[in-house]
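Novice: could you look at this predicted model? Sequence included:
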Amino acid sequence: MRIYYLAGILLSITATLAACGEAPPVTCTISTNRDLKMGIQKTANFVSGTNCDEIRRLAEEGKPLVGMISENNPSAPAKPVETAKPLAFDTPFVSGQKTQELIPTTDKESRIQELEKKIEVDAKQSRDPFTSTIINPVPKLETLLLKPKAPPKLKPAIVVRTNPRRSIVAPPPPPPDTSAAQGTAVTGTVEIGGTVYAIIKAAGEANSRNVRAGQTISNGKVLVKRIDTNSEPPIIVLQQNGVEVLRAVGAPVIASNTTQTGANPEAPATGNSPTAPSTPPISIPPLIPAQ
């Protein structure tokens with residue numbers, strides 16, 4: 001009986017101690033919305049039976065969290081941390097200090113008197129209150145004596161005598177030389193293999209020959225430009241010094257200018273050259289003094 005009695009006492013003591021033991025703490029999240037956006041997660045342990053939603057609301061509002069268990073003493077709730085109050089600013093004004101760099105204030109009356117002296121207007125004189133502007137009197141200027149102006153000294157006009165010059169007109173240039181083309185004799189035309197040839201005897205050449213358009217004669221001086229067989233008689237177009245000369249078949253040969261003037265073309269002509277008219281001498285009668 002004693003054994004059962006002791007076992008019952010031990011069981012009752014164990015049950016009493018288990019009933020009086022402390023419950024495990026509750027872990028709540030105390031992160032605000034700003035902390036969650038920044039990725040910060042905050043948790044804390046609170047006394048058993050604490051409402052985590054209420055703790056999260058207090059943390060969002062910035063109020064002290066009730067029932068938080070401190071790390072040093074888990075059984076005692078943590079005391080809210082009191083924020084230090086800012087010190088009161090007892091002396092908001094700085095003591096007056098004299099600065100020599102500052103310009104002293106200007107007296108109103110002295111400034112008005114100074115301006116009155118400059119503009120010569122009395123500020124205390126009666127004014128029309130309805131006028132918007134003040135008309136200042138125009139200062140009178142002393143009349144200055146006009147100095148007589150000296151007559152301008154003009155220099156005598158300089159007369160420049162010019163000798164009339166006769167206009168010198170250059171003689172016209174001589175016409176281009178076409179004597180070689182004019183001295184070419186055309187005796188006929190012939191068609192060989194579909195090409196038309198002209199039978200000519202050029203000036204300065206002993207024998208006749210056949211030429212086609214595009215060839216030159218008289219040592220390259222004359223160009224056979226084209227052969228026109230549609231006309232009657234056929235016409236050969238020759239070109240010398242840029243001038244076209246038309247030579248018909250059977251036309252007489254025109255003598256060149258060099259053969260007419262001879263060996264010395266620069267010799268002066270003694271034929272019908274104009275001569276200056278002769279004027280009789282002017283006779284001046286002797287001067288007779290007046291009586």
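Specialist: Thanks, I have the structure now.
Novice: switch to C-alpha atoms for all contacts and neighbour counts from now on
Specialist: Noted.
Novice: residues contacting the nearest residue to Thr229 once chain neighbours are set aside?
Specialist: Spatial nearest neighbour of Thr229, excluding adjacent residues (C-alpha to C-alpha, 6 or more residues apart in numbering): Ile235 at 6.7 Å. Taking C-alpha atoms under 8 Å, 6 or more residues apart in numbering, we find Ile235 in contact with 227-229, 246-249.
Novice: let's have those residues in CSV, adding secondary structure, pLDDT and distance to Ile158.
Specialist: Below are these laid out as CSV (DSSP: H, G, I helix; E, B strand; the rest coil; pLDDT from 0 to 100; distance: C-alpha to C-alpha, whole Å):
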residue, secondary structure, pLDDT, distance to Ile158
Ile227, strand, 91, 72
Asp228, strand, 90, 73
Thr229, coil, 88, 77
Leu246, strand, 90, 65
Arg247, strand, 89, 68
Ala248, strand, 89, 71
Val249, coil, 89, 75
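Novice: re the thing from before, look up how far Val249 lies from the residue nearest to Thr229.
Specialist: According to C-alpha to C-alpha, to the nearest Å, Ile235 stands 6 Å off from Val249.
Novice: now the contacts of Ile235: which count as buried?
Specialist: Neighbour-count burial (16 or more other C-alpha atoms under 10 Å) is assigned, among these, to 227, 247-249.
Novice: closest one of those residues to Asn163?
Specialist: Arg247 (54.4 Å; C-alpha to C-alpha).
Novice: residues touching the residue nearest to that closest one when sequence neighbours are not counted, list them.
Specialist: Leaving aside its chain neighbours, Arg247 sits nearest to Ile236 (5.2 Å; criterion: C-alpha to C-alpha, 6+ apart). By C-alpha under 8 Å, 6+ apart, Ile236 lies in contact with 186, 198, 224-228, 246-249.
Novice: what's the farthest-apart pair in the residues you listed?
Specialist: Most distant of the contacts of Ile236, by C-alpha to C-alpha, are Lys225 and Val249, 15.4 Å apart.
Novice: all helices of the chain, in order?
Specialist: Here the chain has its helices, by DSSP state H, at 2-20, 33-37, 52-61, 108-119, 179-182, 257-261.
Novice: comparing the ones you listed by mean pLDDT, which bottoms out?
Specialist: Across these, helix 257-261 has the smallest mean pLDDT, namely a mean of 43.
Novice: what is the burial count for the residue lying closest to Leu58 once chain neighbours are set aside?
Specialist: Excluding the flanking residues, the one nearest Leu58 by C-alpha to C-alpha, 6+ apart is Leu65, at 6.5 Å. Burial of Leu65 is recorded as 20 neighbouring residues (other C-alpha atoms under 10 Å).
Novice: same check on Val47?
Specialist: By other C-alpha under 10 Å, neighbour count at Val47 equals 20.
Novice: do the same with Ser179
Specialist: Ser179: 18 neighbours (other C-alpha under 10 Å).
Novice: now do the one 4 residues further on
Specialist: Around Gly183 there are 19 other residues, counting by other C-alpha under 10 Å.
Novice: ok, it touching Ile254?
Specialist: Yes: Gly183 is in contact with Ile254 according to C-alpha atoms under 8 Å; the separation is 5.5 Å.
Novice: so where's the stretch 151-291 of the chain shaky on pLDDT?
Specialist: In the predicted model of the stretch 151-291 of the chain, residues 255-291 satisfy pLDDT under 70.
Novice: at 90 instead, please
Specialist: 151-185, 187, 191-194, 201-209, 218-221, 229-233, 242, 247-291 (pLDDT under 90).
Novice: still on that earlier bit, mind listing the residues bridging to the residue nearest to Thr229?
Specialist: For Ile235, the beta-bridge partners are Asp228, Ala248 (DSSP bridges).
Novice: roughly how far apart are it and Glu109?
Specialist: With C-alpha to C-alpha as the criterion, Ile235 and Glu109 are 121 Å apart.
Novice: over to Ile103?
Specialist: For Ile103, the distance to Glu109 - C-alpha to C-alpha - is 18 Å.
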